[in-house]
Structures are given as C-alpha cells and as structure tokens.
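Novice: I'd like to go over a predicted model; first the sequence, then the structure.
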Amino acid sequence: MGSNWTGRLCGVWISFLLFAQVLLAQTTPAPVFLEEPADQEVNPGDTADLKCRLNQPVTVIWLKDGNIQNVGNGGVYTYVGDSATSNEHTIRISGITVDRDDGVWECQALIPGTTGALRSRKARLVVRVPPRDRPSLQLGGSPLRNGDDLQVRSDLNATVACIARDSNPPASLKWWIGTKDVTDSAATINQTSQGGKLYNTVSTLTYQFMPLDNGGQLKCEINHPALAGSLSSYAHLNVLYAPIVTVEQNPTGDLLEGQDVTLSCYAPANPPSTVKWYHDGAELPMINSSSFSLEKITHEVNGNYTCMARNPGFEPVRTVYQLGVRYSPTFIVQPHGDTVDLEQQLTLFCDAVGNPTPSIQWFQNTTDGQRLTRGTDRNLSITADYSSQGKYWCRASNTINDKENIVLSDVAELFVKGPPKFDTTSGNQRNEVIADRGSDSILSAVYCSQPVPTNEYWQREQRPNEKPKPIVPISSNSPKYQIYRKELSRPGCYESRLKVLQVDQTDAGRYKLWVENEKGSSTNLVVLSVREASYTSVIVGVVVGVGSALILAIVAVFCCYRTKRFCFASKKSFSNGDVEKREMKVENGEMVRSVQKDDNLKQNPLQTESIFTRTEKKANGNANGGVHHVISNGNDLPKKSANGRVDERPAEVLHYAQLDVDGPMDDERSTPRMDRERHDNHNGYTDIRPTVL
C-alpha cells in the first residue's frame, strides 16, 4: 500500500513539473542568434575567435565536426566575457594546430522547457598548411625531375601531370609555356590525405605542343595562402615535328626574261630534314642543296618547282612554288577561215599564252569597211548571216611594268552562202512609202545574196476592188516604171529601186520584190500610199522658188559691183573701186572699149590703154564672133592711129582672154560671156584674169 502512495505522489510531481515547464515556455520568449560564427582561415599557432551571441541568457554548447568541445575560462578554448551572466558565448582558440582545431564549428543554444536546441550556421575553420615541397611533374605516369627534357610530338596531344602534396586548403596550380598561360587546357582534382586534414592537388594538362614551343619551358606553379611566394617545377620542351617547308625567290617581285634568279627551300624540322627539288613533277637530280640558281632565264623555265623535305618519324612534306617569268603574249591557237551556209552555227577559236595571262579581244572587219568588236572569250560563237562575212582576227594583250604588250593573230576570212536575205535595218529601205499625187515615187529594198542573184523582178499585187487578172512582173520598158539595181559597198549586197512616175490613186498598193539565186529565193513587200497634193505645199514651193531667185539676183549684182570687170588704173596702182568712166564704141566694124582713171591714182605698170577689146567679124559679116581683151605692158601699148583705131601688136607681146559673144555687139548694152581664158606669159607679162563686164 505504501508503494502505491509513493507511485501516486511521483506521478503528481511529474505532472506538476511538466505543467510548470509548459507555463514557463509560454511566458518566456524564444532565443534568437544575434551573431553567429563565420568561416576563417588561419595559420598554425595563430589565435581565432568564433562568434556566438543570443538575445537572452541560455545554456550554450560548442561542437567541432559534430563533437561537443570542452570550453572553459582557461585552457585552449575559452569564453570571451562572462557567458554565465551575459548573452555572449564567443570562444577564443589559442595556439591553433591543424590536427586539433581544423574543422567545422557550431554553436548550439538549449531552449528552456524543451529538449531541443537552437543551432547556429556551421563555420569552417581552416588551418593553412603549405605544400610540403615543390610540385612534381609526370609524363605518362613517369616522374620527371625538375629541369628534365620533356619530349613530345607536334602532331599528337601530350598529357602531363603536376602534383602538389599535403596542403590545406588545396593548392592552386597554374601551367605556363614560356610566358603563355595554358591553364585552361588543364583539369584539376583534390585528394585528401592524413585523415582528411590535408590535400593532394593533381592538375592534368592535355595539350598539342607546336613547333614554336620547341626549346621552351613547360612550368607548373603552386600558389597557396600559406606561402609568401610560389613554388614551381619545369621541364625543357623537346617538340618533334615534321618539316615546315617554304620556298623563296631572289630577287623578289616580277621576273623578266634575261634575268638571273635563285630559289631557296627552307625546311626547319626536329629532327633535321633533307630536301629534294622537282620541276613540274620531274626530279632535278643535279640539285642536292636547299638552294639553286637559274641564269638568263626565259619563259621556258616557268612552271611549278617543288621542294620535298623529310625527317625521321614523319611523312615527307612538299611545297610547290610557281616560277613566273613575265613575257609578252604568244598565240598557241590561230583562227581559221571558212565558208558556211546562212544561219549556220560556227565557232572561231583563238588562244594565247603569256605572263600575266593575256586578255583576248575579237574583231571583225566587215565587207563594207567597218571594224567591229565581237567578244572577249577565247571562243567566238557566230550564227552566220550576210553581215557575218568579213575578216576576223583577235588581239592578245598583257601589261608588264606598266607597259601594254599587244600581238595580233592571223586573219581568218568568213564567207556566207545562202538565199537572198533582205536587210530591214538599212536606212534606204522603208516598208511604206507615201507620195503626193502627180509626183514620182521611189520604192527600194536592200538585200544580200551569195552567190549573186540570178533573177529579180518587181510586181504589184492586186487590190481587193480590182478585177482579178494574172500577176505579172513589172517591165522595165513600161513608160510608167523605171527599174534599176546597184551594188552596194558591201560585197554581195544590192539595192533595187522601182521608180513610179506621175503617181495617182491607181498606183497605190502593195509592191513585192522577188529575188532568186541558186540557193533559194526571198521576197520583200513595200506599200505605196498616194495622197492628194495640198495647196499649202504648192504655195510653199512658189514662195521658196521666188525667194531663191531673188537671193541669186542680189548675189549676182553684188558680185558684179565688187569685181568691176575689165577696169584697171591708168598708169597708177589699180583697185576695184578706181573706175570712174567706161567707153565702148564701134569704129569701122570693130568695137573698142577703153577705161579712164583718176589722175590722182598711184603709178602702176599697167597703163590706161593697156586693155582694149576687139571684136572680129565672122565670114558672114555679122558682128557676132570672138572678142579679145588684150593686155600689154607699159612699153608695148597699142597706139591709136589718126582715125582713132588701135594699132595691132604681135601676139607674142600680148596677154589676152578670148570670149564668146552670145549676141550682137552693135551697142553698149551687149554683154559678152566669158567662155575660157588663156594666159600667155611672154616677156614678163603679168597674168591678169580679165573681168567680164
């Protein structure tokens, strides 16, 4: 019975405690962290503070790597301040070591009235430990000592490892080839050691080394916060590579015929290489060095020069160099003439070589004397037409040192044969002609024919309102028509014309020219339209005619005034404006003309009486006949006799012009017409053209 009461009392007491705790929890605010521990890195032997502060006094415990640590007011781990009476629970760690203190720390606050705890963030305390030695290099798993040769091939990827041992935190590794950072080509992993407190860092570089890397250094460098500087290891690079072949020409630039030239082959390789030369695929056995010379070159040495280099462990390497001696164009294909049918397709060929490559131009000298540019291709395609006839040739040109070099090919003559073909593009040919009634009209057509036409005629088609009758060729003997043909300047081409005289409305219609040769025949149609003559055109014609006649009359009067026919100065200088008086009279059947001059005129070798006119009668006694204007020099002037007649002088001392008199010469109004003139230079007589009065 006593035990029952004891059990009941214990139950009541526990219930009371639980009730008190619940009541206390409801009346006490929950704890909150005001400051939590942070990650830190420290060196061995340093001191570090881990923060932990709450909003109310609570019981706090510290854990490292999940284990409760003994923190007191003395020793390695101590509180900063009075944690029993304040809300500050920061601890201080002195004489830090990696084995004891490195890890993850956590502050936990016990919640009053519960069995739970409030946990802070986990803070990583890192105790720095530098790598114990410089990094080690490995090639394919085999270690390399610092400064060893590292042999790799340029045509393959190489894999090199760098290891930094026993560091905390893990070391940072960088790769260098000379001064070039190639770390991006590496992959890095960290491995724990010594119970997980330290790390081994492994960086693997996968890289294709280049020939330019040969002889350089490959370096792996350690960087760590516990180090004042860096640690590194390196290897000398021995990069094996195939020959790198280049060919150079000396002198550089354009080469001209007659110069000397040297070709050099450069083929660096590891191991070293040997070279051979080839010209257009054929080996040059006499050349066993990397360079050779050619003297007084011509374009015949042009071609592809190949330098082939080989070294152990690699395939041969070839480089082709094109040697180009500059030279003027030379034809290798000449055009050839031909005789083709009309509308036939044909191709003319022309080609030339040179350096630089020549440009080609085709030309045609047509049968009517024109020069046409026909194309710029090596081949000239033609659809034969009569206009295609002529001489063809091509022009090849290139430029060397700013000088254009031009050569011309042979001439190829092209002949075209076929039926007659009308030239609708000729300016002499119109498909429609409009003529005024009563005028003459010409219908024309131009055609070409090879061989020459054997038959040709014009015919007029019947009009719809005419009575049907046989259509016959127009006769050239018809008084209504005139037909004629002429050969044009272009050989084998002709113009045929039909002239319709005094056209009227019955002549209007369609006219057809039919031409035939041994190859066939062709026709051409011309339409003649007749219109009534308008009064306007008549009036215009009259006005133009009268105006033209008036202009001619004015010109004639002006010319007569300016020339002053047969007027010369009397014993003085002569000018066209010196004539004051003219006399003409008939004495004893002869007409005598004389000229009187002003006494103030300057002296002239020709005297007043030096010109006179004599009319010789014909046998029938009429005055019509030859009129002589006689000119003598001053010493041999004809003399007047007592009866007023002029004495005769021998013909050899006279200069005269003979005129034909068209009408009677019995009065002064008659005007002789100059028919011809004759000049006799005897004894220093001056040639004077007599002026017709």
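Specialist: Nice, thanks for sending it over. Just so we're clear, the structure is a prediction, and the values are computed from it rather than from any experiment.
Novice: Helices along the chain, start to end?
Specialist: 2-27, 98-101, 535-563 (DSSP state H).
Novice: Can you tell me which of these has the worst average pLDDT?
Specialist: Looking at the helices of the chain, the lowest mean pLDDT belongs to helix 2-27 (a mean of 51).
Novice: distance between the ends of stretch 57-65?
Specialist: 25 Å (C-alpha to C-alpha, to the nearest Å).
Novice: How about stretch 374-390?
Specialist: 12 Å.
Novice: any idea of the mean pLDDT for that stretch?
Specialist: On average, stretch 374-390 scores 93.
Novice: For that stretch, list every residue counted as buried.
Specialist: Residues of stretch 374-390 classed as buried by neighbour count (16 or more other C-beta atoms under 10 Å): 374-375, 380, 382, 384, 386-390. Using the backbone N, CA and C atoms, a C-beta is placed for each residue, glycine as well.
Novice: Kindly export stretch 310-321 (C-alpha atoms) in PDB.
Specialist: Extracted in PDB, the C-alpha atoms of stretch 310-321 (Å, rounded to 0.1, in the frame of the first residue of the first chain):
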ATOM      1  CA  ARG A 310      61.700  14.600 -95.000                       C
ATOM      2  CA  ASN A 311      62.900  13.800 -91.500                       C
ATOM      3  CA  PRO A 312      62.800  10.600 -89.300                       C
ATOM      4  CA  GLY A 313      59.500   9.700 -87.800                       C
ATOM      5  CA  PHE A 314      57.400  11.900 -90.200                       C
ATOM      6  CA  GLU A 315      56.000  11.800 -93.700                       C
ATOM      7  CA  PRO A 316      57.700  13.800 -96.400                       C
ATOM      8  CA  VAL A 317      56.400  17.400 -96.800                       C
ATOM      9  CA  ARG A 318      56.100  19.100-100.200                       C
ATOM     10  CA  THR A 319      55.700  22.800-101.100                       C
ATOM     11  CA  VAL A 320      55.100  23.900-104.600                       C
ATOM     12  CA  TYR A 321      56.400  27.300-105.900                       C
END
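Novice: Grab the nearest non-local neighbour of the residue positioned nearest the centre of the chain.
Specialist: Central residue of the chain (C-alpha atoms, centre = their mean): residue 359, 15.0 Å from the mean position. Nearest non-adjacent residue to residue 359, counting by C-beta to C-beta, 6 or more residues apart in numbering: residue 397, 5.8 Å away.
Novice: now swap in residue 245 and tell me
Specialist: Closest to residue 245 by C-beta to C-beta, 6+ apart is residue 319, at 4.0 Å.
Novice: Can you get me a residue count around that neighbour?
Specialist: By the measure other C-beta atoms under 10 Å, the count of residues near residue 319 is 18.
Novice: With residue 311 instead?
Specialist: 20.
Novice: and what of residue 338?
Specialist: 16.
Novice: quick one, what contacts the residue lying closest to residue 225 once chain neighbours are set aside?
Specialist: The shortest distance from residue 225 to any non-neighbouring residue, by C-beta to C-beta, 6+ apart, is to residue 128 (5.6 Å). Shown in contact with residue 128 (C-beta atoms under 8 Å, 6 or more residues apart in numbering): 41-44, 168-169, 224-226.
Novice: Residue 285: which of the residues you listed is nearest?
Specialist: Distance to residue 285 across the contacts of residue 128 (C-beta to C-beta) is lowest for residue 224, with 63.9 Å.
Novice: That closest one is in contact with residue 168, isn't it?
Specialist: No - the pair residue 224 / residue 168 is not scored as a contact, 9.1 Å apart, by C-beta atoms under 8 Å.
Novice: the more surrounded of these two?
Specialist: residue 168 (25 against 22).
Novice: I'd say that one and residue 196 touch.
Specialist: No - at 10.0 Å, residue 168 does not count as touching residue 196 under the criterion of C-beta under 8 Å.
Novice: quick one: residue 132 and residue 527, what's the gap?
Specialist: 118 Å (C-beta to C-beta, to the nearest Å).
Novice: Between those two, tell me which one has more neighbours.
Specialist: residue 527 (15 against 10).
Novice: ok, the closest residue to that one other than its chain neighbours - how many residues close by?
Specialist: Spatial nearest neighbour of residue 527, excluding adjacent residues (C-beta to C-beta, 6+ apart): residue 432 at 4.5 Å. Close neighbours of residue 432, defined as other C-beta under 10 Å, add up to 11.
Novice: which residues touch residue 432?
Specialist: Residue 432 makes contact with 526-527, 529 under the criterion C-beta under 8 Å, 6+ apart.
Novice: could you redo the last one with a cut-off of 10 Å?
Specialist: Counting by C-beta atoms under 10 Å, 6 or more residues apart in numbering, residue 432 touches 443, 510, 525-529.
Novice: could I get those residues as CSV with distance to residue 89 and pLDDT?
Specialist: Shown next, in CSV, are the contacts of residue 432 (distance: C-beta to C-beta, whole Å; pLDDT from 0 to 100):
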residue, distance to residue 89, pLDDT
443, 131, 92
510, 129, 92
525, 125, 92
526, 127, 92
527, 126, 93
528, 131, 92
529, 128, 92
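Novice: Touching, residue 235 and residue 213? I think so.
Specialist: No - judged on C-beta atoms under 10 Å, residue 235 makes no contact with residue 213 at a distance of 11.6 Å.
Novice: Where do the strands of the stretch 201-350 of the chain begin and end?
Specialist: 217-223, 230-240, 246-250, 255-256, 261-266, 274-279, 282-283, 291-294, 303-310, 317-323, 325-333, 338-341, 345-349 (DSSP state E, counting those that start in this stretch).
Novice: Out of the ones you listed, the one nearest residue 149 is which?
Specialist: Of those, nearest to residue 149 by C-beta to C-beta is strand 230-240, at 4.9 Å.
Novice: how near is the nearest residue to residue 322 once chain neighbours are set aside to residue 281?
Specialist: Closest residue to residue 322 apart from its sequence neighbours, by C-beta to C-beta, 6+ apart: residue 304 at 5.5 Å. Distance of residue 304 to residue 281, computed by C-beta to C-beta: 8 Å.
Novice: circling back to that earlier point, now the contacts of residue 128 in CSV, please, with extra columns for pLDDT.
Specialist: Output for the contacts of residue 128, formatted as CSV (pLDDT from 0 to 100):
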residue, pLDDT
41, 92
42, 93
43, 90
44, 90
168, 92
169, 92
224, 94
225, 92
226, 90
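Novice: on that earlier part again, what confidence value was assigned to the residue nearest to the centre of the chain?
Specialist: 96.
Novice: Then residue 462?
Specialist: The per-residue pLDDT of residue 462 was computed as 81.
Novice: cool, and the one 10 residues further on?
Specialist: In this prediction, residue 472 carries a pLDDT score of 82.
Novice: who's the residue lying closest to it once chain neighbours are set aside bridged to?
Specialist: Excluding the flanking residues, the one nearest residue 472 by C-beta to C-beta, 6+ apart is residue 459, at 6.9 Å. Here residue 459 sits in beta bridges with residue 473, residue 512, going by DSSP bridges.
Novice: In this structure residue 459 contacts residue 526, no?
Specialist: No - Residue 459 is beyond contact range of residue 526, at 11.4 Å (criterion: C-beta under 10 Å).
Novice: how many other residues sit next to residue 217?
Specialist: Applying other C-beta under 10 Å, I find that residue 217 has 15 neighbouring residues.
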